[in-house]
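Participant: need a structure here:
(one chain, ligands or ions: 2)
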Amino acid sequence: MKIAAISDLHVLPDDGDRELLESIKRRVEEISPDVFVIAGDISDHLSVLDVSLSQLHIDTCANLYVAGNHDIWFEEEGGPGSLEKYSRNVGSICQKNGFIHLPDGPHIIEDTAFVGSIGWYDYSFRRPELEIPMEHYEQKEYRGAVWYDLFKIDWAYSDIEATNLFNRKLEYDLATLPANISQIVYVSHHLPFRNLTIYKDRLPWDFHSAFMGAQSTGKILENDDRVILSISGHSHVRNLVSVGKMIAMTVPLGYGRPDLNKLDDFVRDAVAVIETTEGSINVPNFVKGDICADLSYVASRH
Ligand SMILES: [Fe+2]
Ligand SMILES: [Fe+2]
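Facilitator: Ligands and ions are numbered 1, 2, ... in the order given. Below you'll find the predicted structure:
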């Protein structure tokens with residue numbers, strides 16, 4: 001099975017990223033995968049998510065989406081809140097545009113199941129040696145640096161409660177798969193494994209790393225022999241690691257935009273190709289690191 005995967009497009013409003021979306025679609029069509037996966041963070045605005053998915057949909061394969069934290073940021077007073085976006089709005093926009101929103105239920109292709117969740121963070125990726133008091137993680141602020149979910153996620157759950165909720169749903173999805181499923185691909189926005197995270201020995205970067213994911217989610221995956229692959233977004237630094245027999249990776253594009261004449265090369269780096277055959281996984285030409293490092297940014301928030 002061939003999978004094309006990308007995340008964190010952070011699409012500009014008002015058709016500002018038309019060429020980018022066209023280039024991604026062209027590249028995925030060239031790859032000709034069985035499954036096209038997008039692991040979240042298309043836009044803070046449902047209207048932009050809607051237009052983007054309609055432009056990205058590939059007719060010849062399964063199209064899978066998992067919401068990112070940006071996709072569930074509330075937009076205005078009286079509009080849908082984060083929980084409503086996650087449990088209802090994102091799913092209906094996916095459906096309208098031929099995408100399957102994996103958190104609404106696994107997608108099965110023969111003996112392979114794709115299971116998805118936004119995942120969350122419980123500060124288990126923090127660096128204890130920094131000795132930052134726990135209140136700062138709970139309040140998402142340290143020495144003037146703010147994790148912006150503070151202002152834009154409006155559900156009543158604490159981060160620990162949210163992580164537990166999504167973990168329980170993941171366990172339920174895994175436990176209720178049909179008996180013939182022999183391999184599972186997990187798709188999430190937040191990271192399930194700490195060693196996918198890049199630390200830089202500086203602040204606020206290493207403070208923000210605490211908001212990347214949750215180790216408890218990874219433990220659930222490690223305890224299920226059928227899970228062969230984990231694809232995530234959220235960290236804007238691309239990475240690929242082995243965890244036991246699993247391959248875990250992050251596939252972000254990010255906030256940077258190259259000159260138009262370099263767009264196709266940029267997109268080639270951004271779209272990961274993953275081939276699974278008889279239990280072995282091949283990820284040819286995977287590009288690690290921040291592919292936006294030398295580019296000008298279209299936005300500045302994680
Ligand atoms: Fe992102
Ligand atoms: Fe994110």
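Participant: how much space is there between the residue located most distally from the centre of the chain and Ile72?
Facilitator: Distance from the C-alpha centroid of the chain peaks at Glu131, with 28.6 Å (C-alpha atoms, centre = their mean). In this view, Glu131 and Ile72 are 32 Å apart by C-beta to C-beta, to the nearest Å. (Glycine included, C-beta is placed from N, CA and C.)
Participant: Repeat that for Leu295.
Facilitator: Separation of Leu295 from Ile72 (C-beta to C-beta): 27 Å.
Participant: quick one, which of these two is more surrounded?
Facilitator: Ile72 (27 against 16; other C-beta atoms under 10 Å).
Participant: Quick check: that one touching Pro103?
Facilitator: No - Ile72 is beyond contact range of Pro103, at 10.5 Å (criterion: C-beta atoms under 8 Å).
Participant: Quick check: neighbours shared by these two?
Facilitator: Common contacts of Ile72 and Pro103 (C-beta atoms under 8 Å, 6 or more residues apart in numbering): Tyr86, Ile118.
Participant: Please spell out the segments of the protein that come in under the pLDDT threshold.
Facilitator: Within the chain, the ranges that satisfy pLDDT under 70 run 299-302.
Participant: try 50
Facilitator: Scanning the chain for pLDDT under 50 picks out the ranges 302.
Participant: so which helix or strand takes in the residue in it that ligand 2 sits nearest to?
Facilitator: Nearest residue of the chain to ligand 2: His234, at 3.9 Å (C-beta to the ion). Taking DSSP states H and E as the definition, one finds His234 inside no helix or strand.
Participant: That one: neighbouring residues, count only.
Facilitator: Using other C-beta under 10 Å, His234 has 27 neighbouring residues.
Participant: ok, now which ones touch it?
Facilitator: Contacts of His234 by C-beta under 8 Å, 6+ apart are 7-8, 39-41, 68-69, 189-191, 212-213, 250, 252.
Participant: Out of these, which end up buried?
Facilitator: Buried members of the contacts of His234, counted by 16 or more other C-beta atoms under 10 Å: 7-8, 39-41, 68-69, 189-191, 212-213, 250, 252.
Participant: Spell out which residues of this structure are next to ligand 1.
Facilitator: Within the chain, the positions near ligand 1 by C-beta under 5 Å from the ion are Asp8, Asp41.
Participant: Output the residue ranges of the helices in the protein, listed in chain order.
Facilitator: Along the chain, the stretches classed as helices by DSSP state H are 18-31, 46-56, 82-84, 90-96, 134-138, 149-152, 159-175, 205-208, 215-222, 263-270.
Participant: re earlier: identify those among the buried ones among the contacts of His234 that sit within strands.
Facilitator: Judged by DSSP state E, the buried ones among the contacts of His234 include Thr250 as members of strands.
Participant: Including distance to Ser182, could the buried ones among the contacts of His234 go into a markdown table?
Facilitator: Shown next, in a markdown table, are the buried ones among the contacts of His234 (distance: C-beta to C-beta, whole Å):
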| residue | distance to Ser182 |
| --- | --- |
| Ser7 | 26 |
| Asp8 | 30 |
| Ala39 | 23 |
| Gly40 | 27 |
| Asp41 | 31 |
| Gly68 | 29 |
| Asn69 | 32 |
| His189 | 26 |
| His190 | 26 |
| Leu191 | 25 |
| Met212 | 30 |
| Gly213 | 26 |
| Thr250 | 25 |
| Pro252 | 29 |
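Participant: what subset of the buried ones among the contacts of His234 is also close to ligand 2?
Facilitator: Among those, the residues that sit close to ligand 2 (C-beta under 5 Å from the ion) are Asp41, Gly68, Asn69.
Participant: What is the nearest of the residues you listed to ligand 1?
Facilitator: Using C-beta to the ion, Asp41 comes nearest to ligand 1 of these, at 3.6 Å.
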